[in-house]
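>>> no sequence on this one, just coordinates:
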């Protein structure tokens, strides 16, 4: 086994272990799952959620979309495809509308069956946005200056789509490591991904916990997500060993669809949920900016 292959295998194991570690912190601590704590507890959870929203916003605008646009342009140039139609952006839009249509169908079927868990609109028409059930409102509201933290607003379907889009991107990040031909480049990319992924998986775990998924499902999501980059590395190693060069176009299209999915989740679910709930709006914006700035700083360092 040559040195380069050993470095890639070490990167695979390191990514898997650290992702599991950071992912299971919110999933295993009861503090993150407590929905009946004090107002201070709910404020802190809300601010953590805002920080996660800033992280996802930065990941969307500074990481996922730029990576995809770079890849798709390289593929189109290699295939000598020339068109005035904005094909890369259209693929992102296709991913966006795919999630929108599927979600509307799912919610429509739930309404037809009498289910009420996910009927609330993504963006509420009034300041409080209550309407997720009297029990939830009673538990989560206090006197005049209450903090609204309705966990059912993070539906299980949207949590799944967030997990799916991040998993696709994680897979392609691992693929980038596996396809490198020098050990220094493998280490450079691996360290960058380790830092990014640790923050993102922590934020993802917070969102999964807030969606009121059963603990076994949260554990399954985190476990699968943790495996995506190692799987990508393994695929990249296999491609390098087999000297295969095909499949770049399919990868780029999948990246675009995943990017569109991420745009939908970020701008239609994560940010509206926090910004449309009353209380401490400026502080929430500050934590969104903080999450964004952390990811932007890491991207700048990369």
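Received it, and whenever you're ready, just let me know what you need. Note that this is a predicted model, so its numbers are computed, not measured.
>>> use CA for all of it now, contacts and neighbours both
Noted.
>>> following the helix or strand of the chain with the lowest mean pLDDT, which helix or strand shows up next?
Within the chain, confidence by mean pLDDT, DSSP states H and E is lowest for helix 134-140 among all helices and strands, at a mean of 39. Using DSSP states H and E, the helix or strand that follows helix 134-140 in sequence is helix 156-178.
>>> who touches that next one?
8, 64, 99, 103, 186, 189-190, 193, 204, 207-208, 211-213, 221, 225, 228-237, 240, 251, 254-255, 258-259, 261-262, 265, 269 (Cα atoms under 8 Å, 6 or more residues apart in numbering).
>>> If any of those residues are buried, put those into a PyMOL selection.
The PyMOL selection below is limited to those of these classed as buried (16 or more other Cα atoms under 10 Å):
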select buried, resi 8+64+99+186+189+190+193+204+207+208+211+212+213+221+225+228+229+230+231+232+233+234+235+236+237+251+254+255+258+259+261+262+265+269
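>>> Apart from its neighbours in sequence, what residue is nearest residue 262?
Closest residue to residue 262 apart from its sequence neighbours, by Cα to Cα, 6 or more residues apart in numbering: residue 165 at 5.8 Å.
>>> Now do that neighbour: how many residues are near it, please.
By other Cα atoms under 10 Å, 23 other residues sit near residue 165.
>>> what about stretch 264-275, how long is it end to end?
Distance across stretch 264-275, first residue to last, is 16 Å (Cα to Cα, to the nearest Å).
>>> heads up, I number from 37, so please use that
Sounds good: first residue 37 from here, last item stretch 300-311.
>>> Give me the mean pLDDT for that stretch.
The average pLDDT within stretch 300-311 is 78.
>>> Go through it and flag the buried ones.
Buried residues in stretch 300-311 (16+ other Cα under 10 Å): 300, 301, 302, 303, 304, 305, 306, 307, 308, 309, 310, 311.
>>> show me where pLDDT drops low in this protein?
Applying pLDDT under 70 to the chain flags residues 37, 69-74, 146, 149-191, 215, 217, 224, 275-276, 278-283, 338.
>>> quick one, helices of the stretch 37-186 of the chain?
39-64, 66-69, 75-94, 101-114, 123-148, 170-176 (DSSP state H, counting those that start in this stretch).
>>> Tell me which of the ones you listed lies nearest to residue 321.
helix 75-94 (7.5 Å; Cα to Cα).
>>> so that closest one versus helix 192-214, what angle?
Counting by axes from the mean of the first three to the mean of the last three Cα atoms, to 10 degrees, helix 75-94 points 50 degrees away from the direction of helix 192-214.
>>> Tell me which other helices or strands helix 75-94 touches.
If you count contacts as 3 or more Cα pairs under 8 Å, 6 or more residues apart in numbering; DSSP states H and E, helix 75-94 packs onto helix 219-246, helix 307-311, helix 317-337.
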